[in-house]
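J.: Pasting a predicted model and its sequence here:
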Amino acid sequence: MAVLLFMIPVDVKKGVFAMDWKTGVRGVPWDIVLLMGGGFALATGFKATGLDVWLAG
């Protein structure tokens, strides 16, 4: 949903959109984004190798 703000034109002639990249990334907690991404990557690796079943015993 928030991605749409980058695509909604405010002034087509000047190329101004409802949100620009600097405004969009200013409030993003990057540490949490990276932590979540790392957790998802580990979970996918565990599941692909069968380590999740082995650890669950």
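T.: Here it is on my side, so go on. Fair warning: this is a prediction, and the values are worked out from it, not measured in the lab. Numbering: from 1, shown residues only.

J.: so where do the helices sit in the protein?
T.: Residue ranges of the helices in the chain, as given by DSSP state H, are 21-26, 30-49, 51-56.

J.: Let me have those helices in JSON lines, adding distance to Pro9 as columns.
T.: Where you see a C-beta, it was placed from the backbone N, CA and C, and this is true even at glycine. Formatted as JSON lines, the helices of the chain follow (distance: least, C-beta to C-beta, whole Å):
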{"stretch": "helix 21-26", "distance to Pro9": "15"}
{"stretch": "helix 30-49", "distance to Pro9": "27"}
{"stretch": "helix 51-56", "distance to Pro9": "46"}
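
J.: Centre-most residue in the chain?
T.: Val33 (6.5 Å; C-alpha atoms, centre = their mean).

J.: before we move on, the earlier item: Met7 is nearest to which of the helices of the chain?
T.: helix 21-26 (11.9 Å; C-beta to C-beta).

J.: Show residues contacting that closest one.
T.: For helix 21-26, the surrounding residues in contact (C-beta atoms under 8 Å, 6 or more residues apart in numbering) are 2, 5-6.

J.: returning to that earlier point: can you say which of the helices of the chain is nearest to Asp11?
T.: Taking C-beta to C-beta, helix 21-26 is the member of the helices of the chain nearest to Asp11, at 15.5 Å.

J.: Could I get the buried residue list for that closest one?
T.: By neighbour count on 16 or more other C-beta atoms under 10 Å, the buried set for helix 21-26 is empty.

J.: do stretch 9-17 as well
T.: Phe17.

J.: Please state the offset of the helix or strand bottoming out on mean pLDDT in the chain from the chain centre?
T.: Of all helical and strand segments in the chain, the minimum by mean pLDDT, DSSP states H and E falls on helix 21-26, at a mean of 86. The chain centroid and the centroid of helix 21-26 are separated by 13 Å, computed with C-alpha atoms, centre = their mean, to the nearest Å.

J.: In CSV, could you pull the C-alpha coordinates for it?
T.: C-alpha atoms of helix 21-26 as CSV (Å, rounded to 0.1, in the frame of the first residue of the first chain):
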residue,chain,number,x,y,z
TRP,A,21,12.7,8.3,-1.5
LYS,A,22,14.3,10.5,1.2
THR,A,23,11.0,11.0,2.9
GLY,A,24,10.1,7.3,2.7
VAL,A,25,13.3,6.0,4.3
ARG,A,26,13.6,8.6,7.0
